[in-house]
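Colleague: Show me how the following folds:
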Amino acid sequence: MRRTLTWLLGAAAVLLVLMVGALIAVPFLVDTPRMQAYVASTASQALGRQVKFSGLSVRVLPRPAVELRDLEVAEDPKFGTTPFLRLERGQIRLQLWPLLSGRVELGDIVLRKPTMTVVQAADGRLNIASLGGAADPRPAGKPGRGSGGGSGSASAALANRVVIDGGQVTYTARGPGERPAQYRLDGLDLTVTRGGSQITFKGDARLQPGAVALKVRDGLVSLGASRSRTDAPVRAKVTLDGKDIRPLTTLAVGTSPDIGGALKGTLTVGGTVAAPTAAGEIQIANLTATQSSPQCSEPRTRTLTIPTLTLNAAWQSPRFTGRPLTATLGGGTITAQLTATLDRGVHVQLADLVVKALPLEKVLVDYLCEGYAVTGPLDLTGAPSFETRDILNTLSGPGQLRVGRGKVVGPRALALVNQVARVSGALSSVLGSDIPSGTSDSPLDFESITGTYTATNGVVTTRDLLYTTRAMKVLVAGDYALGNGAVNLDLTINHKQGDLKAKVTGTASSPSVRVSTSSILKNLDSEKTEKGIRDLLKRFNKK
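Modeller: Next up, the predicted model:
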């Protein structure tokens, strides 16, 4: 037993001496100038871009490594001259066991706090698409001491593992005439491992703005016989977790309305390295839209809250889809097939939009303080589309609506009804007719509002909007411009005495009402008509 123990201690001592000797010999084994040329040439061939750095040094402790300083990877010339990647310090670790036999073999590559820029051009091309365009790198020489430099030869292969620690990736999407959209991945911790014809990867980062936590697992790139690394198929699982997406949505759609909410999701990544796709479910809890409106009483800043919104999401540049999108609000439901195209702005389409029993007072009264607000449950179908930069002036698409029993409560709507009643009442008094006074009651109860419409670049046109009460029916036909409030409407009021026609022009905030006298005259007997006309002539003669 003692002999065995003595033998083991002796072997351990010999091994320790060899390891210490190998560590001491590292600076002599590594030909620094030749290693610098080897690393630069090999990395340049592997990436298809020029790689340069200001210096290279050898470290022994805590483990043998070659340290690079001021590393830069060049940009694709089609995208500019600013470096694609910058790094103050990086390490190429040396494998310890080969050092014991006098050989230098590269181990892990560790890049600490690198900064990278991914750019998408207006035509959809990415600057990373040209990475790895060259063939597999050929050895540029051996990074050992060389034929005249001392002990041992050296051979090296590309590192099989690359570790990014605390990196930052900036993504910029360029578009003609548009301010580039810019996002960042901060705190990127990524491990990439190569084995045979496959590359595996996993990592964590935060998407900025918005501090959405990203976790990437089970990442795999299958190299195979691909033309280049960027054409290789990729797959991975990505989880998303953001407590407040407000900064992210502000960048995408602006500050009015200010959109927030908590986001969670799990996506499956596919496609290729240069053109990845993603699909999965995304949930947004307590989605809020906040804006300030001068037409609201205090508080002027109002918030609309949608408790839940779920998207069966998919991404394939430049298109994001949510098929379906489902949401709830005040007991009502909203479903649609969402498509958002991120190309020269954000263009949104909502195909197969279906709204069921949506309480309009939540939106028109409590949130928008709309001057033409009504209450009641809304059922709506349609297919709207719009640009997020200017929703009111770009809204387009057909639709059909029905509002169940409710009231007219918007002050402008009430004022318009009263104005129609006053004008028609004044005419009827002159002509000796009898127009019902019930039209001026406030608020006005109705049984239903139904109709179809078509929106074209923010101008809504209807030919059959029908407002029904117990006392009368009002048919509305004409145009309404959402952006500037311009109106050009024909109203036909059907009541027990007959029909009354009116024309509404001007703007929604200051409408002009002209009642058709012919529609009143049709309801009068000849004596009243003659007397009314004589009275009108007398008034004109006096003037």
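
Colleague: quick one: which helix or strand includes the residue nearest to Thr117 when sequence neighbours are not counted?
Modeller: Of all residues not flanking Thr117 in the chain, Thr170 sits nearest, at 4.9 Å (C-beta to C-beta, 6 or more residues apart in numbering). Backbone N, C-alpha and C define where each C-beta goes, glycine included. For Thr170, the host element (DSSP states H and E) is strand 161-175.

Colleague: Can you show me the helices along the stretch 401-543 of the chain?
Modeller: 411-431, 517-521, 526-542 (DSSP state H, counting those that start in this stretch).

Colleague: go on, the chain?
Modeller: 2-29, 32-47, 96-100, 246-253, 360, 391-394, 411-431, 517-521, 526-542 (DSSP state H).

Colleague: Quick one: mean pLDDT over the fifth one.
Modeller: In this case it means helix 360. Averaged across helix 360, pLDDT comes to 95.

Colleague: If you count contacts, what does the strand holding Thr170 end up packed against?
Modeller: strand 106-112, strand 115-120, strand 178-195 (3 or more C-beta pairs under 8 Å, 6 or more residues apart in numbering; DSSP states H and E).

Colleague: in that strand, what counts as buried?
Modeller: Neighbour-count burial for strand 161-175 flags 162-165, 167-169, 171-175 (criterion: 16 or more other C-beta atoms under 10 Å).

Colleague: That one versus strand 115-120: what angle between them?
Modeller: 40 degrees (axes from the mean of the first three to the mean of the last three C-alpha atoms, to 10 degrees).

Colleague: Quick one: residues contacting the residue lying closest to Ala74 once chain neighbours are set aside.
Modeller: Residue nearest to Ala74 in three dimensions, not counting chain neighbours: Gln50, with 4.2 Å by C-beta to C-beta, 6+ apart. By C-beta atoms under 8 Å, 6 or more residues apart in numbering, Gln50 lies in contact with 44, 73-74.

Colleague: circling back: and the buried residues of strand 161-175, which two are the farthest apart?
Modeller: Distance extremes for those: the farthest pair is Val163 and Gly175 at 34.9 Å, using C-beta to C-beta.

Colleague: where does the stretch 351-500 of the chain dip in pLDDT?
Modeller: 418-443, 497 (pLDDT under 70).

Colleague: hmm, try it at 50
Modeller: 427, 430-443 (pLDDT under 50).

Colleague: that older thread, now, among the buried residues of strand 161-175, which is nearest to Pro209?
Modeller: For the buried residues of strand 161-175, the nearest to Pro209 is Tyr171 (12.1 Å; C-beta to C-beta).

Colleague: ok, what's across the strand from the closest one?
Modeller: Applying DSSP bridges to Tyr171 gives these bridge partners: Val118, Tyr183.

Colleague: any idea how far Ser317 is from it?
Modeller: 11 Å (C-beta to C-beta, to the nearest Å).

Colleague: Common neighbours of those two, please.
Modeller: With C-beta under 8 Å, 6+ apart, Tyr171 and Ser317 have common neighbours Gln120.

Colleague: Neighbours of the residue nearest to Ser197 when sequence neighbours are not counted, how many?
Modeller: Of all residues not flanking Ser197 in the chain, Leu223 sits nearest, at 4.7 Å (C-beta to C-beta, 6+ apart). Counted with other C-beta atoms under 10 Å, the neighbours of Leu223 add up to 18.

Colleague: Is Leu223 in contact with Arg229, as I believe?
Modeller: Yes. With contact defined as C-beta atoms under 8 Å, Leu223 reaches Arg229; the gap is 6.7 Å.

Colleague: shared neighbours of those two, anything?
Modeller: Common neighbours of Leu223 and Arg229 (C-beta under 8 Å, 6+ apart) do not exist.

Colleague: So which bits of stretch 364-378 are buried?
Modeller: For stretch 364-378, by 16+ other C-beta under 10 Å, it's 364-378.

Colleague: Find the pair from the residues you listed with maximum spatial separation.
Modeller: Taking C-beta to C-beta, no two of the buried residues of stretch 364-378 sit farther apart than Gly371 and Pro377, at 21.0 Å.

Colleague: Next one: the residue nearest to Ser197 from Leu71, what distance?
Modeller: 24 Å.

Colleague: what's the answer for Gly187, then?
Modeller: Counting by C-beta to C-beta - Gly187 and Leu71 are separated by 20 Å.

Colleague: what about those two, which has more around it?
Modeller: The neighbour count for Gly187 versus Leu71, taken as other C-beta under 10 Å, is higher for Leu71 (22 against 17).

Colleague: wouldn't the more buried one be in contact with Gln91 here?
Modeller: No. Counting by C-beta under 8 Å, Leu71 does not reach Gln91; the two are 10.7 Å apart.

Colleague: Which one (most neighbours) among the contacts of Gln50?
Modeller: Most surrounded of these: other C-beta under 10 Å gives Val73, at 20 neighbours.

Colleague: how deep is the residue nearest to it when sequence neighbours are not counted tucked in, by neighbour count?
Modeller: When the adjacent residues along the chain are set aside, Val73 lies closest to Leu85, with 4.0 Å between them (C-beta to C-beta, 6+ apart). For Leu85, the neighbour count with other C-beta under 10 Å is 19.

Colleague: now swap in the one 5 residues further on and tell me
Modeller: Residue neighbour count, defined by other C-beta under 10 Å, stands at 24 for Gly90.

Colleague: list the residues that contact both of Leu71 and Gln91?
Modeller: By C-beta under 8 Å, 6+ apart, no residue touches both Leu71 and Gln91.

Colleague: Report how many residues lie close to Gly260.
Modeller: 23.

Colleague: List the contacts of stretch 502-512.
Modeller: Contacts of stretch 502-512 (C-beta under 8 Å, 6+ apart): 371-372, 412, 416, 419-420, 423-424, 478, 480, 484-491, 493, 513-516.

Colleague: from those residues, which ones fall inside strands?
Modeller: 478, 480, 486-491, 493, 513-515 (DSSP state E).

Colleague: now the strands for the stretch 151-300 of the chain?
Modeller: Remark: strands assigned in the stretch 151-300 of the chain by DSSP state E, counting those that start in this stretch are 161-175, 178-195, 198-208, 212-222, 234-242, 258-271, 276-292.

Colleague: Near Ser385, how many other residues are there?
Modeller: Neighbour count for Ser385, taken as other C-beta under 10 Å: 16.

Colleague: Any regions of the stretch 101-250 of the chain where pLDDT drops low?
Modeller: Ranges of the stretch 101-250 of the chain meeting pLDDT under 50: 134-142, 144-157.

Colleague: go with 70
Modeller: In the predicted model, the stretch 101-250 of the chain carries pLDDT under 70 at residues 101-106, 124, 132-159, 174-181, 225-228.

Colleague: Just list the residues touching the residue lying closest to Leu248 once chain neighbours are set aside, thanks.
Modeller: In space, and not counting its chain neighbours, Leu248 is closest to Gly210: 3.3 Å by C-beta to C-beta, 6+ apart. Residues in contact with Gly210 (C-beta under 8 Å, 6+ apart) are 242, 244-249.

Colleague: same thing with Ala327?
Modeller: By C-beta under 8 Å, 6+ apart, the neighbours of Ala327 are 287, 306, 308-310, 333-335.

Colleague: nearest to Leu465, of the residues you listed?
Modeller: For the contacts of Ala327, the nearest to Leu465 is Ile334 (21.7 Å; C-beta to C-beta).

Colleague: Tell me the pLDDT of that closest one.
Modeller: 97.

Colleague: Also the one 5 residues further on?
Modeller: For Thr339, the pLDDT comes out at 97.

Colleague: Skip the chain neighbours and tell me the closest residue to it.
Modeller: Nearest to Thr339 is Gln349, by C-beta to C-beta, 6+ apart, at 4.5 Å.

Colleague: Count residues in the vicinity of that neighbour, would you?
Modeller: 18.

Colleague: for Asn457, same thing?
Modeller: For Asn457, using other C-beta under 10 Å, the count is 13.

Colleague: shouldn't it be in contact with Asn393?
Modeller: Yes. If you go by C-beta under 8 Å, Asn457 and Asn393 touch, sitting 6.6 Å apart.
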